[in-house]
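**Q** I need the structure of the sequence given here:
(one chain, ligands or ions: 1)
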Amino acid sequence: MSVRRVRARAVSHGAFIVLEGLDGAGTTTQAERLARALGDRGHRVRVTRQPSDGPIGTMVRQALTGRLVLPNGAGPLTEDTLALLFAADRLDHLAAVIEPALARGEIVLCDRYVLSSLAYQGSALPPAWVEQINARARRPDLTLFLEVDARTAARRRAVRGHDAELFEADERQRRIARQYRAAIRRRASSERIVRIDGGQPIEAVTAAALAEIERVLGVSR
Ligand code: TYD
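**A** Numbers count the residues shown, from 1 in each chain. Reported below is the predicted structural model:
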């Protein structure tokens, strides 16, 4: 087969790739870097994120930043309401953005997905219920878990210097890290989840992630 045909087939192939990690793990930075690297290799790439920029995701972001609260000063939305909103946003985002992009043969790089709900909402609610409300969300072809210890993540958030969101207190982040590990153990036999050392230099993380993505693209082509 000529080189030209191999390239043409690579370009037409879609895949659903998810980036996960604690706040400060570098998922957003790496999603952008990976999109550039894959684009340079001739792939069509769609970078997106959850909570999404759609109507339900926008509501979730308002809840996370304290713009959307219970009435009469009763505080933030309850954890279960929030878990349902994350799950609803996920299905809406799949239907509105992810599935159409995959159908066009694009590589979708999604910053956070079901594993975030299992880790974050699962650190405050029964994990089995969080699994259940996310059961209809399709499985990614590959999830890259950028692993950093809670202290490194906290340091990076401090440098970033924006106002703390709902889940960013240190003790909560340690619980979330434990739930990430538990959820990865539960799911590792039924889907492809790869841990990458997120404490490495930024270029090394990108290179490791790229190698995993190329492997998945190679297998399914
Ligand atoms: P965002 O500002 O996008 O964080 P970052 O850019 O650091 O990833 O806010 C997303 C927050 O929402 C983040 O703290 C993780 C949390 N989250 C959940 O709790 N459950 C979920 O299902 C998802 C997708 C995100």
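**Q** where in this protein is the helix or strand with the lowest mean pLDDT?
**A** Scoring the helices and strands of the chain by mean pLDDT, DSSP states H and E places helix 3-12 at the bottom, with a mean of 45.
**Q** what is the neighbour count of whichever residue of the chain sits closest to the ligand?
**A** Residue nearest to the ligand within the chain: residue 120 (3.0 Å; CB to the nearest ligand atom). In short, each C-beta sits where N, CA and C put it, glycine included. Residue crowding around residue 120 was assessed by other CB atoms under 10 Å; the count is 26.
**Q** so for the helix or strand harbouring it, mean pLDDT?
**A** Taking DSSP states H and E as the criterion, residue 120 maps to helix 114-120. When pLDDT is averaged along helix 114-120, the result is 98.
**Q** in what helix or strand does residue 108 lie?
**A** Here residue 108 is assigned to strand 107-111, by DSSP H and E.
**Q** partners of that strand, with directions?
**A** strand 15-20 (parallel), strand 45-49 (parallel) (DSSP bridges).
**Q** model confidence over stretch 144-159, on average?
**A** 89.
**Q** ok, now stretch 76-94?
**A** 98.
**Q** what comes up buried for that stretch?
**A** Across stretch 76-94, burial judged by 16 or more other CB atoms under 10 Å covers 77, 82, 83, 84, 85, 86, 87, 88, 89, 90, 93, 94.
**Q** now for the residues you listed, which pair is the farthest apart?
**A** Pairwise distances across these peak at 22.5 Å for 77 and 94 (criterion: CB to CB).
**Q** how about the helices in this protein?
**A** Counting by DSSP state H, one finds helices in the chain at the ranges 3-12, 27-40, 55-64, 79-93, 99-103, 114-120, 127-133, 150-160, 170-187, 202-220.
**Q** residue 184: neighbour count?
**A** For residue 184, using other CB under 10 Å, the count is 20.
**Q** count the residues that sit near the residue lying closest to it once chain neighbours are set aside.
**A** Nearest residue to residue 184 in three dimensions, chain neighbours excluded: residue 193, at 5.4 Å (CB to CB, 6 or more residues apart in numbering). Around residue 193 there are 19 other residues, counting by other CB under 10 Å.
**Q** now do the same contact list for residue 193.
**A** 115, 142, 143, 145, 184, 187 (CB atoms under 8 Å, 6 or more residues apart in numbering).
**Q** residue 91 reaches residue 136, doesn't it?
**A** Yes: with contact defined as CB atoms under 8 Å, residue 91 reaches residue 136; the gap is 6.4 Å.
**Q** appreciated, that's everything.
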